[in-house]
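*Asks:* coordinates only, sequence not included:
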């Protein structure tokens, strides 16, 4: 990435001014259209301000967001793809003696799909605290790190998806219900030990208890068989008719529904009669080796404006973390009526700080009682007596 330092910026501005004056002089030499000096048709765009954002989100969907920001501010955003596996230290593991996380050179900030990935980035010692009154004031406590290292800017829920032609939505109430025997062989899920599914387990344990929750996880495993790799694979498998219910992130489903308008898959919001659906968030953080952190901070704070929230959530199929008050924003486009749900209010930091791993209970298979020789003889005699003469 080419960065323009302050000393060179003044020189470039002077050079640019001379170029503009010369161009105006040349074009004004004659009023005759035929003799008018034509400037090169190729447009040369010069930007003095730019910065880089590393992300595991779909960059194609983020491009309209950065284009809108550039049009408004003149600042260029360069999106750099990041594999979440680069953060080798997990937030629920003991800190190592050495950190060896290699990020692409030049990154100024991160924007990751899951708060748990950003928690891994924090545990991997690549983030610095963000001193922003705007972020601290506007972002709800539920979606921010108390140390200021990450902030949630677009939330989404872990919802239950189902095939509307094969499932009556009244059969679905909460996450725990997917452990019922009627879903055996019909459930699609990712691994129960993923951070997202463990978050559900930690929520369930608060009201289902330490005995019942591991049994629910074991029933999930029995009902789904082999866990699937990700949310998109769950939807694809369900579309092919190979399962009927599953748990996926609402933004993944909404994005899928936009591109598959004839899909038979629908989403319901679990736990609406008690605590609410558990949520996650697209999360931002400042890289501790960034060189253009000032530009990155401007963008972070812009994301919390009404316009920033509306554009971010529209292009990522998430929901605003703050109320949008600008009446010119088409809220039905940002958040249609079907997306309204009651959310669980547990702060994400509490889930992250709870390092316990909820394991599935060991369910012993039912083994028929052994039959002795005497009992076998009696059974044969009874069967012979019952036979017609």
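*Replies:* Arrived safely. The structure presented is a predicted model; accordingly, all values stated were derived computationally and were not measured.

*Asks:* doesn't residue 198 fall inside a helix?
*Replies:* Yes. Per DSSP: H, G, I helix; E, B strand; the rest coil, residue 198 lies within a helix segment.

*Asks:* could you list the domains of the protein?
*Replies:* 1-48, 51-154+281-341, 156-268 (automatic domain parsing).

*Asks:* could the ones you listed be laid out in TSV, adding mean pLDDT?
*Replies:* Converted to TSV, the domains of the chain look like this (pLDDT from 0 to 100):
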stretch	mean pLDDT
domain 1-48	38
domain 51-154+281-341	95
domain 156-268	97
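
*Asks:* and those domains: which comes nearest residue 361?
*Replies:* Nearest to residue 361, of all the domains of the chain, is domain 156-268, at 3.9 Å by Cβ to Cβ. Just so you know, the C-beta spots here come from the backbone N, C-alpha and C atoms, and that holds for glycine as well.

*Asks:* could I get the full set of strands for this protein?
*Replies:* 50-55, 76-81, 109-112, 127-128, 151-163, 187-188, 245-249, 265-268, 279-287, 319-320 (DSSP state E).

*Asks:* can you list the strands that the first one pairs with?
*Replies:* Pairing partners of strand 50-55, with direction, according to DSSP bridges: strand 76-81 (parallel), strand 109-112 (parallel).

*Asks:* format the strands of the chain as JSON lines; extra columns: mean neighbour count and distance to residue 88.
*Replies:* JSON lines is the format used below for the strands of the chain (neighbours: other Cβ atoms under 10 Å; distance: least, Cβ to Cβ, whole Å):
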{"stretch": "strand 50-55", "mean neighbour count": "22", "distance to residue 88": "15"}
{"stretch": "strand 76-81", "mean neighbour count": "17", "distance to residue 88": "18"}
{"stretch": "strand 109-112", "mean neighbour count": "25", "distance to residue 88": "15"}
{"stretch": "strand 127-128", "mean neighbour count": "19", "distance to residue 88": "15"}
{"stretch": "strand 151-163", "mean neighbour count": "25", "distance to residue 88": "23"}
{"stretch": "strand 187-188", "mean neighbour count": "24", "distance to residue 88": "29"}
{"stretch": "strand 245-249", "mean neighbour count": "25", "distance to residue 88": "24"}
{"stretch": "strand 265-268", "mean neighbour count": "19", "distance to residue 88": "34"}
{"stretch": "strand 279-287", "mean neighbour count": "25", "distance to residue 88": "16"}
{"stretch": "strand 319-320", "mean neighbour count": "22", "distance to residue 88": "31"}
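
*Asks:* now these as JSON lines including distance to residue 194?
*Replies:* Shown next, in JSON lines, are those (distance: least, Cβ to Cβ, whole Å):
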{"stretch": "strand 50-55", "distance to residue 194": "20"}
{"stretch": "strand 76-81", "distance to residue 194": "21"}
{"stretch": "strand 109-112", "distance to residue 194": "15"}
{"stretch": "strand 127-128", "distance to residue 194": "22"}
{"stretch": "strand 151-163", "distance to residue 194": "11"}
{"stretch": "strand 187-188", "distance to residue 194": "14"}
{"stretch": "strand 245-249", "distance to residue 194": "10"}
{"stretch": "strand 265-268", "distance to residue 194": "19"}
{"stretch": "strand 279-287", "distance to residue 194": "11"}
{"stretch": "strand 319-320", "distance to residue 194": "22"}
